[in-house]
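Asker: Below is the sequence, then the predicted model.
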Amino acid sequence: MTNDGSFPDFGAWLCPACDRRVPGRIRECRCGYVQDGEIPLAAGDRDPSGSGRSSTTGLLLLAFGLVIGAGLALLPTPTQTLPPAVRAVMAPPVTLGGPAAGSDEDPLNVPANPSDTSLSPQLPALVAPVPVSNSVAMAAPLEDLVSRVVPAVAFVQAGQARGTGFFIARDRLLTNAHVIAGHTTVRLQVGEVNYEARVGTVSAGTDLAVLHVINPSPTQQVLRLGAVGQARVGEEVIAVGSALGVLSNTVTRGIVSAVRQVGQVTLIQTDAAINPGNSGGPLISRSGLVIGVNSLRVAQQTAEGVAFAVAIDHATQLLNGQRASDNQTPLNSLTQMLGGRSDADDQRVRGEQDYSRVLEWAAKSAADLDTYWNRYAGTCVAASHPAGDRTWFAVYDTAGVTLNVNSPVNCNSWLDSVRTNAGRIRDEMEKAAETARQRGVYPGTLRDLKRRHRLQWTGWDR
């Protein structure tokens with residue numbers, strides 16, 4: 001304070017908000033801006049002494065701040081102005097860095113570490129969508145897959161045997177060896193298109209055969225081969241074939257039940273229906289690759305949905321010139337694994353089947369000879385000594401038939417014709433019976449089969 005009682009004018013400061021010059025002793029401009037800290041003097045308004053003025057200013061500012069702080073401390077807090085009932089339900093203010101977490105002085109148990117969010121509301125985690133890898137091919141709809149596979153599957157007819165094959169090239173197919181057994185050429189049908197094919201490489205050990213088309217079509221669709229390593233248990237698969245040998249383009253669906261090593265052959269077990277006639281057809285994964293060649297099923301009432309396909313890897317080896325040993329077939333190996341028939345049993349069954357096929361031919365020929373015999377027997381035969389199911393069996397005995405010498409027709413020529421045809425039937429039956437006996441077919445089985453076809457004769461066992 002000066003001698004005249006007034007405050008010295010330490011100059012003015014320039015308000016940064018409105019550019020108004022404000023006396024140095026006033027901290028608040030008329031525009032409302034409040035200056036904090038050291039008051040910047042306006043240009044030309046410097047302390048004449050250069051020192052005392054600034055220290056005096058600092059003391060004044062400190063005193064001014066203490067007065068204001070004391071006044072604010074006496075003001076009531078927001079909660080103190082509320083009614084007591086309202087203040088009672090309001091939580092006390094939280095001061096971070098106050099009492100230790102978990103102490104009695106910390107009513108909210110606020111963690112001392114602000115980074116600890118254990119008391120924050122826990123929201124469910126958002127699950128980001130899993131991106132689909134470009135390296136994994138998405139499975140096509142089943143109907144689209146079937147429409148691509150069926151045109152590459154062929155109905156195969158080898159004599160009386162019927163089965164299935166599938167194109168791996170426009171002039172080449174794969175099928176089962178047992179479908180084309182004993183044949184050098186086969187007939188193929190794909191939709192309305194017919195082919196002729198010759199039998200190429202055959203591997204009985206893996207029950208696979210390669211067919212070469214004689215008249216290939218440049219537009220024939222083919223299938224791609226996969227590998228057994230791509231077959232996963234539980235994976236969906238489809239089997240395509242000619243069910244029962246007549247229902248071509250039959251599609252069944254199932255899963256891979258297991259991958260089994262049976263002897264020297266890897267088999268894919270599946271519950272997809274594989275019926276007679278499906279043999280040689282493809283087992284297709286959902287990615288459209290052939291992983292197996294449908295071959296057999298367990299024909300037992302207690303084994304529903306148990307079928308097997310030869311792993312396609314064996315076909316790849318066969319195409320590359322590698323053949324497995326033919327000492328054991330997949331059927332034999334599987335039967336032994338299941339504790340079923342032995343090799344001798346299988347041989348006996350095959351002998352019985354072969355003998356039965358010969359008897360079917362003999363029965364048909366015998367029926368034709370019945371008609372020829374009955375047409376002239378009334379005129380030519382004076383007496384006969386039948387000894388079996390057919391009247392003309394009498395010609396097997398030298399004196400079994402006596403001709404009517406007064407017949408108006410040439411009975412000798414007729415009887416020679418009967419004996420010639422009857423002799424052909426007898427020769428084939430005797431040859432088949434000997435082969436069946438060598439394969440272990442029981443004599444009682446042979447008799448039952450002859451009785452079933454009305455071919456019993458006392459002279460068969462002489």
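Answerer: Arrived safely.

Asker: any idea which element Asn421 lies in?
Answerer: For Asn421, the host element (DSSP states H and E) is helix 411-438.

Asker: same question but for Arg348, I mixed them up
Answerer: Using DSSP H and E, Arg348 maps to helix 343-380.

Asker: Quick check: buried residues in that helix?
Answerer: For helix 343-380, the neighbour count (16 or more other C-beta atoms under 10 Å) marks 346-348, 351-352, 355-356, 358-359, 362-363, 366, 369, 373, 376-377, 380 as buried. For the C-beta atoms, the positions are set from N, CA and C on the backbone; glycine is no exception.

Asker: average pLDDT for that helix?
Answerer: Mean pLDDT, helix 343-380: 87.

Asker: for stretch 229-249, same thing?
Answerer: On average, stretch 229-249 scores 79.

Asker: Over to it now: how far is its first residue from its last?
Answerer: 27 Å (C-alpha to C-alpha, to the nearest Å).

Asker: For Cys18, the count of nearby residues, please.
Answerer: By other C-beta atoms under 10 Å, the residues close to Cys18 number 12.

Asker: and it, that one's in a helix?
Answerer: No. Cys18 is assigned coil when assessed by DSSP: H, G, I helix; E, B strand; the rest coil, not a helix.

Asker: partners of the helix or strand hosting Phe155 in the sheet?
Answerer: Using DSSP H and E, Phe155 maps to strand 153-158. Paired strands of strand 153-158, with direction, are strand 161-169 (antiparallel), strand 185-190 (antiparallel) (DSSP bridges).

Asker: Looking at these, which one is packed in the most?
Answerer: Most buried of the strands paired with strand 153-158, by mean neighbour count (mean count of other C-beta atoms under 10 Å): strand 161-169, with a mean of 23.

Asker: Restrict that one to CA atoms and write it as PDB.
Answerer: Taking Å, rounded to 0.1, in the frame of the first residue of the first chain, the C-alpha atoms of strand 161-169 are listed here in PDB:
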ATOM      1  CA  ALA A 161     -23.800-112.300 -63.300                       C
ATOM      2  CA  ARG A 162     -24.900-108.700 -62.800                       C
ATOM      3  CA  GLY A 163     -23.100-105.900 -60.900                       C
ATOM      4  CA  THR A 164     -21.900-102.300 -61.100                       C
ATOM      5  CA  GLY A 165     -18.800-100.500 -62.300                       C
ATOM      6  CA  PHE A 166     -17.800 -96.800 -62.500                       C
ATOM      7  CA  PHE A 167     -15.700 -94.800 -64.900                       C
ATOM      8  CA  ILE A 168     -12.300 -93.600 -63.800                       C
ATOM      9  CA  ALA A 169     -11.500 -92.500 -67.400                       C
END
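
Asker: Do I have it right that Leu319 meets His212?
Answerer: No. Counting by C-beta atoms under 8 Å, Leu319 does not reach His212; the two are 11.9 Å apart.

Asker: okay, those two: which has more neighbours?
Answerer: Shown here are Leu319 and His212; by other C-beta under 10 Å, Leu319 has more neighbours (17 against 14).

Asker: OK, contacts around that one?
Answerer: Residues near Leu319 by C-beta atoms under 8 Å, 6 or more residues apart in numbering: 168, 210.

Asker: Can you tell me which of the strands paired with strand 153-158 is nearest to Pro216?
Answerer: Across those, Pro216 has its closest neighbour in strand 161-169 (8.5 Å, C-beta to C-beta).

Asker: right, and the helix or strand after the helix or strand bottoming out on mean pLDDT in the chain?
Answerer: Among the helices and strands of the chain, helix 84-88 carries the lowest confidence by mean pLDDT, DSSP states H and E, at a mean of 43. Later in the chain than helix 84-88, the nearest helix or strand by DSSP H and E is helix 142-149.

Asker: who does that following helix touch, helix- and strand-wise?
Answerer: strand 236-243, strand 282-285 (3 or more C-beta pairs under 8 Å, 6 or more residues apart in numbering; DSSP states H and E).

Asker: want to throw those strands into a markdown table with distance to Ala436?
Answerer: Below are the helices and strands packed on helix 142-149 laid out as a markdown table (distance: least, C-beta to C-beta, whole Å):
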| stretch | distance to Ala436 |
| --- | --- |
| strand 236-243 | 30 |
| strand 282-285 | 35 |
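
Asker: Quickly compare these and say which is most buried.
Answerer: strand 282-285 comes out most buried of the helices and strands packed on helix 142-149 by mean count of other C-beta under 10 Å, with a mean of 27.

Asker: So which other helices or strands are in contact with that strand?
Answerer: So strand 282-285, by 3+ C-beta pairs under 8 Å, 6+ apart, packs with helix 142-149, strand 236-243, strand 289-297.

Asker: Let's see that with 6 Å instead.
Answerer: When contacts are defined as 3 or more C-beta pairs under 6 Å, 6 or more residues apart in numbering; DSSP states H and E, strand 282-285 packs onto strand 236-243, strand 289-297.

Asker: Quick one: closest of the ones you listed to Arg390.
Answerer: Arg390 lies closest, by C-beta to C-beta, to one member of these: strand 236-243, at 37.3 Å.

Asker: now the strands paired with strand 153-158 as CSV including mean pLDDT and distance to Ala394?
Answerer: Shown next, in CSV, are the strands paired with strand 153-158 (pLDDT from 0 to 100; distance: least, C-beta to C-beta, whole Å):
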stretch, mean pLDDT, distance to Ala394
strand 161-169, 91, 37
strand 185-190, 91, 42
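
Asker: got JSON lines for the ones you listed, with distance to Gln261 too?
Answerer: Shown next, in JSON lines, are the strands paired with strand 153-158 (distance: least, C-beta to C-beta, whole Å):
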{"stretch": "strand 161-169", "distance to Gln261": "24"}
{"stretch": "strand 185-190", "distance to Gln261": "31"}
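
Asker: For the following helix or strand past the helix holding Arg348, which strands pair with it and how are they oriented?
Answerer: Using DSSP H and E, the helix or strand that follows helix 343-380 towards the C-terminus is strand 381-384. Looking at strand 381-384 with DSSP bridges, its partner strands are strand 401-403 (antiparallel).

Asker: what comes into contact with the partner strand?
Answerer: The contact list for strand 401-403, computed with C-beta atoms under 6 Å, 6 or more residues apart in numbering, reads 380, 382-384, 394-395, 411.

Asker: closest one to Pro443 among the helices and strands packed on strand 282-285?
Answerer: Nearest of the helices and strands packed on strand 282-285 (C-beta to C-beta): strand 289-297, 30.0 Å.

Asker: Walk me through which strands that closest one pairs with, and which way each runs.
Answerer: Looking at strand 289-297 with DSSP bridges, its partner strands are strand 224-225 (parallel), strand 282-285 (antiparallel), strand 307-311 (antiparallel).

Asker: and the last one, average pLDDT?
Answerer: To tie it back to what came earlier, the one meant is strand 307-311. Per-residue scores along strand 307-311 average to 89.

Asker: Could you check the angle that strand makes with strand 236-243?
Answerer: Here strand 307-311 points in a direction 100 degrees away from that of strand 236-243 (axes from the mean of the first three to the mean of the last three C-alpha atoms, to 10 degrees).
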